[in-house]
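Colleague: Here is my input; please provide its structure:
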Amino acid sequence: VQAQLIYSVRLYYSESISGDFPAAPDLEDAVVEILEEEKRYETILNNKRFSVLEKKYAIFPQKSGSLVLSKETFVGTRGRGGLFSARQRVSAISSGHTIEVRPVPKAFNGDHWLPGKNLSAKSKLNLPEGLIRVGDPLNQVISLSMDGVSGVLLPEINLQDLPGTKIYVDQPIIEDTESSTGISTLSRTTIGIVPTQAGKLTLPEIRIPWWNIQLDRQETAIIPAQTLEIKPSISTLPASPVIADKADSTGPVPELNDSPGIWKWLSIGLL
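Modeller: Residues are numbered from 1 along each chain as shown. Take a look at the predicted model:
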């Protein structure tokens, strides 16, 4: 269920024809995406050359059970027409298909069902130059790429429960790419991290379970944990104590009320 199925409709003809190509499948319990718009080429079948008009779709069944693809029907005319040759009506009908869609395997123990191929998970940290201090903004960019799945099925990345930080998660940027082999997707999620306390800050390991439809087994993409050393902010560093020179015990005691210059000196020394 929800795994990609490639469905191709081909019309073979050996002379000039006209007519509307069959419409995309209308399926109640599946999502249908167009991969190729009416590709034209030539091929040889039984030692005879044919022109081919082909359209490809990606079908994502949304529930288990029987998925019925009805017969495809083409109705058109052949011949060039004119004074001496009338166009003739032609039609072609394909066979139908019934596909058994399996449910989520019991062996899958992830929280988010994700069937496909070639899942890759990467992390990039954008850090300030030099020491990292409390209050410095950090960015972690999580990139997920996968074949055979639409980006809306990729799991959300969330680090809300990271002690000693404030977290800001942007909406993921999703790019789906269609080709003759199916849909591929790339998702980038930017996580803003602001440390609120000094010490070691560990960005946790991220594990993404998924189902490899080629090998029919569960696999896990892993982004390793990363540990950063966070220094106190400059404004919170303890000030070095100022030690005043010992006053001459034999000298006269100044009258502070009449000596604003001494107050100024003392104020500067205590900053």
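Colleague: Contact partners for the residue nearest the centre of the chain?
Modeller: For the chain, residue 187 is the residue whose C-alpha lies nearest the centre (CA atoms, centre = their mean; 1.8 Å). Shown in contact with residue 187 (CB atoms under 8 Å, 6 or more residues apart in numbering): 143-145, 151, 154, 172-175. All C-beta spots, glycine's among them, are computed from the backbone N, C-alpha and C.
Colleague: Can you pull the phi and psi angles for residue 234?
Modeller: phi -60, psi -40 (degrees, to the nearest 10).
Colleague: So the closest residue to it other than its chain neighbours versus residue 66, what's the distance?
Modeller: Nearest in space to residue 234, with sequence neighbours left out and distances taken as CB to CB, 6 or more residues apart in numbering, is residue 133 at 6.8 Å. Using CB to CB, to the nearest Å, we find residue 133 at a distance of 61 Å from residue 66.
Colleague: More neighbours: those two, which one.
Modeller: Higher neighbour count among residue 133 and residue 66: residue 133, with 17 against 10, using other CB atoms under 10 Å.
Colleague: hang on, isn't the more buried one packed against residue 229?
Modeller: No: look at residue 133 against residue 229 with CB atoms under 8 Å: they stay out of range, at 10.2 Å.
Colleague: Is it correct that residue 235 falls within a strand?
Modeller: No: using DSSP: H, G, I helix; E, B strand; the rest coil, the secondary structure at residue 235 is helix, not a strand.
Colleague: Near it, how many other residues are there?
Modeller: 8.
Colleague: what's the spacing between it and residue 194?
Modeller: 15 Å.
Colleague: quick one: contacts for the closest residue to residue 66 other than its chain neighbours?
Modeller: Using CB to CB, 6+ apart and skipping residues adjacent in sequence, the residue nearest residue 66 is residue 98, 5.6 Å away. Residues in contact with residue 98 (CB under 8 Å, 6+ apart) are 66-69.
Colleague: got the buried residues for the host helix or strand of residue 98?
Modeller: Following DSSP states H and E, one finds residue 98 within strand 97-101. Residues of strand 97-101 classed as buried by neighbour count (16 or more other CB atoms under 10 Å): residue 101.
Colleague: ditto for stretch 8-16
Modeller: 9, 11, 13.
Colleague: picking that back up, who is the residue nearest to residue 234 paired with across the strands?
Modeller: Residue 133 has the following beta-bridge partners by DSSP bridges: residue 231.
Colleague: For it, list the residues it contacts.
Modeller: Each residue near residue 133 by CB under 8 Å, 6+ apart is listed here: 195, 198, 230-234.
Colleague: just residue 167 next, same as before
Modeller: 159-160, 191-194.
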